[in-house]
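Peer 1: sequence first, predicted model second:
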Amino acid sequence: MSENNYSEDWMSTQNLYSKFDRIFDLMPELIFVLDEKGIIADYNRTAAQLIGRDDLTGKQMMSIVPEGRQPEFLSYLTSDGKRFDSQFLTGSAKALDVSVQIKQLESMERTFSVVIARDMTEQKQRDLDFLRFSNVIERTINPIQITDAHGLMIYMNPAFEKWSGYSKEELIGKNPKLLRSNKHSRQFWQHVWRTILGGKVWQGQVENRRKDGAPLHTELLISPIIDDEAEVVGFLGAHRDITEQKMLEQQLVQSQKMESIGTLAAGIAHEVGNPLTSISSLVQVIQRTTSDDFAKEKLELIKNQVGRISRTIRDLVDFSRPSTHTVRSTDVNQVVRDALNIVKYGKKVREITFHETMGENLPLLMIVPDQLTQVFINILINAVDALQGKPGSIWIQTALDTNNIEIAIRDSGTGISREDKEKIFDPFFTTKEIGKGSGLGLWVSYGIVKNFGGDILVESEPGTGSTFKVLLPLKGAQRG
Ligand SMILES: Nc1ncnc2c1ncn2[C@@H]1O[C@H](COP(=O)(O)OP(=O)(O)OP(=O)(O)O)[C@@H](O)[C@H]1O
Ligand SMILES: [Mg+2]
C-alpha cells in the first residue's frame, strides 16, 4: 500500500471519528480501527499507552500480534462480535494479555473492523492469585470452611473433612452448628455473631465435636467476606487444631492433681496411721481380755472398720511412694493370670464367664509385678461390679503392638456415662454405695501405669459395657 492510498484512508477515518474523538480516547479498552486490508487506520489513547507506541497508524494489525496468535486473530477478523483471548506485542519486551472482540462497521461504502481489546493483565494476576490461594487452602493442614451469608456451609477443604470426620457431602448446605459441643453458652455464640455480622473478625478458642463424638479443640478465626458494595456475602472460618495441646494441658492438670494428693496422702498416713495402729492394738488387747460377748462382737466391728481405714491409707501411700517396690523382668501374661485367680475367688463372680486370650511370645517388661497385679485386680473388680451380680461376660486379651503390650479388659456391664468418664480416674470418685467403693482403684492404677510410662484408655457405652485398655511400653523390654 502506497503513502498516498494510506492518506486517503486516514482522511476518511478522521472524518468518521472526529466527532467522537474524545469519547474514543476515554474508553478503558484498547480500540483499533482497521481497514479492509487489516491496516490500522486509527487507534485510541488507551491502545497507545498500553502498547507503548504512537506510530501505529498505517501499520498492519498483525505486526503487533505475536506470530503464533495470528491465524486465530485473522479467523475472528471477519466474524462479528465473538470474544477471544489473544496477546499484543508492546514497545517493551512483554506481551500484553487481552480479551478481544471485533465488530464490523459499515461507513461510506467501506467496511472497517473495530478491534476492541480489554487488558487482562490484572484479571490474569487475579486468576493466578486465586489459583495460588485455592491451592494453599486445599493443601493446608488447617481446617477451613466458607459459609454463605446465612451461615450455611458452601466450601470446606480436605483438612476440614479429615478433622471433623464428616464428608463434604454431609456438610455442604448445613449449619456449622452440626459440630457444636454444647460446651459454650448461647451468649458466647451471640457475641461471635454480633462481631462478624458487624463486619469484624472474631478469634477465639472453641471446642467442637467430631462426627464420632470426640472433642476437637481449635483456635478459630472467623472473618466476614465482604463484596464491593460492602455487603457481607459469607464467612470464612479458619481453624488451628489445638486438641493435642488441650489434652496435654488436661493431663498435666491430672498429674499435678495426683502429685498434690500424693503429698497430702503421705501427710495423712503419718498423722492418722500411727494413732490407728494404737487403736487397733488396744482393740485386740481388750478383745483378748474381756469376757463380755457383746463387747467382743462390737470390738470385732471396730477392728474391721479400722482395717478398712488402714487399707485406704495404704492405697494412698502406695501411690505416693511407688519407688519402694522392686523392678523385675516380668511376664505380663503371668501377672494377668495371677490377678484373675485372685478375682475369681470373690463371691460375686459365680454367674460370670471369663474369656481369656493371651498373646503369645510377649516380651518381658521391666516393671514392678505386684503393682501391675494391683492394676489388673482393680480393673477386674470394677468389671465384676459393673455386671451387678447378673450373668455376664468378661473378656481379657493381651496382645503385642508396635510400641506396647496391650491388655484389654472388657465387660458386658452397665457402661459409663460421658460425664462420669471424665472423672473415673479422679481420686475418691465413685458411683458405688457408701462403704462399697472408695473411688481409689482407678486413681491408684492410673498412677502405677503412668509410672511405667504407659497409659490406660477407656471406651464405654452406657448399657453395653466398657473396655479398659492398659498400654505398657516396650522400651527396655526383653524377648520373652
Ligand atoms: N468396668 C466399669 N464399668 C462401669 N463403671 C466403671 C467401671 N470401672 C470403673 N467404673 C466407674 O468408675 C468409678 C471409679 O472406679 P474406681 O475403681 O476408681 O473406684 P471404685 O471401684 O468406685 O472404688 P474402689 O476404690 O473400691 O475401686 C466406679 O465407681 C464406677 O462408677
Ligand atoms: Mg474399683
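Peer 2: Happy to help now that I have it. Ligands and ions are numbered 1, 2, ... in the order given.

Peer 1: the helix or strand containing Glu271 packs against which elements?
Peer 2: Per DSSP states H and E, Glu271 falls inside helix 243-289. The helices and strands touching helix 243-289, judged by 3 or more Cβ pairs under 8 Å, 6 or more residues apart in numbering; DSSP states H and E, are strand 215-226, helix 293-320, helix 441-451. Where C-beta positions appear, they are placed from N, C-alpha and C, glycine not excepted.

Peer 1: give the buried residues for the shortest one.
Peer 2: Within helix 441-451, the residues scored as buried using 16 or more other Cβ atoms under 10 Å are Gly441, Leu442, Trp443, Val444, Ser445, Tyr446, Gly447, Ile448, Val449, Lys450.

Peer 1: for it, what is the average pLDDT?
Peer 2: Averaged over helix 441-451, pLDDT sits at 88.

Peer 1: and the angle for that helix with helix 293-320?
Peer 2: 30 degrees (axes from the mean of the first three to the mean of the last three Cα atoms, to 10 degrees).

Peer 1: is ligand 1 contacted by helix 441-451?
Peer 2: Yes. Counting by Cβ under 6 Å from any ligand atom, ligand 1 is contacted by helix 441-451 at Gly441, Leu442, Trp443.

Peer 1: now swap in the second one and tell me
Peer 2: No. Between helix 293-320 and ligand 1, judged by Cβ under 6 Å from any ligand atom, nothing touches; the nearest distance is 7.4 Å.

Peer 1: check the offset of that helix from the chain's centre.
Peer 2: On the basis of Cα atoms, centre = their mean, to the nearest Å, helix 293-320 is displaced by 50 Å from the centre of the chain it belongs to.

Peer 1: please apply the same query to the shortest one.
Peer 2: On the basis of Cα atoms, centre = their mean, helix 441-451 sits 29 Å off its chain's mean C-alpha point.

Peer 1: relative to helix 243-289, how tilted is it?
Peer 2: Going by the same axes, to 10 degrees, helix 441-451 makes 120 degrees with helix 243-289.

Peer 1: three-state assignment of whichever residue of the stretch 51-200 of the chain sits closest to ligand 2?
Peer 2: Closest approach between the stretch 51-200 of the chain and ligand 2, counting by Cβ to the ion: Lys183, at 28.6 Å. Under DSSP: H, G, I helix; E, B strand; the rest coil, Lys183 falls in the coil class.

Peer 1: centroid-nearest residue for this structure?
Peer 2: Closest residue to the average C-alpha location of the chain: Trp163 at 4.0 Å, with Cα atoms, centre = their mean.

Peer 1: next, give phi and psi for that residue.
Peer 2: Per-residue torsions, Trp163: phi -70, psi -40 (degrees, to the nearest 10).

Peer 1: ok, now the one 10 residues further on?
Peer 2: Phi and psi for Gly173, reported as degrees, to the nearest 10, are phi 90, psi -10.

Peer 1: got the contact list for it?
Peer 2: Taking Cβ atoms under 8 Å, 6 or more residues apart in numbering, we find Gly173 in contact with Leu152, Met153, Ile154.

Peer 1: which one of the residues you listed is nearest ligand 1?
Peer 2: Met153 (38.1 Å; Cβ to the nearest ligand atom).

Peer 1: check for me that Glu360 belongs to a strand.
Peer 2: No. Counting by three-state DSSP, Glu360 is not part of a strand but coil.

Peer 1: how much space separates the closest residue to ligand 1 within the stretch 1-150 of the chain from Asp370?
Peer 2: Closest residue of the stretch 1-150 of the chain to ligand 1, Cβ to the nearest ligand atom: Pro143 (33.9 Å). Here Pro143 is placed at a distance of 47 Å from Asp370 (Cβ to Cβ, to the nearest Å).

Peer 1: higher neighbour count, these two?
Peer 2: Per other Cβ atoms under 10 Å, whichever of Pro143 and Asp370 has more neighbours is Pro143, with 23 against 15.

Peer 1: Val232 and ligand 2, how far apart?
Peer 2: As judged by Cβ to the ion, to the nearest Å, Val232 and ligand 2 stand 55 Å apart.
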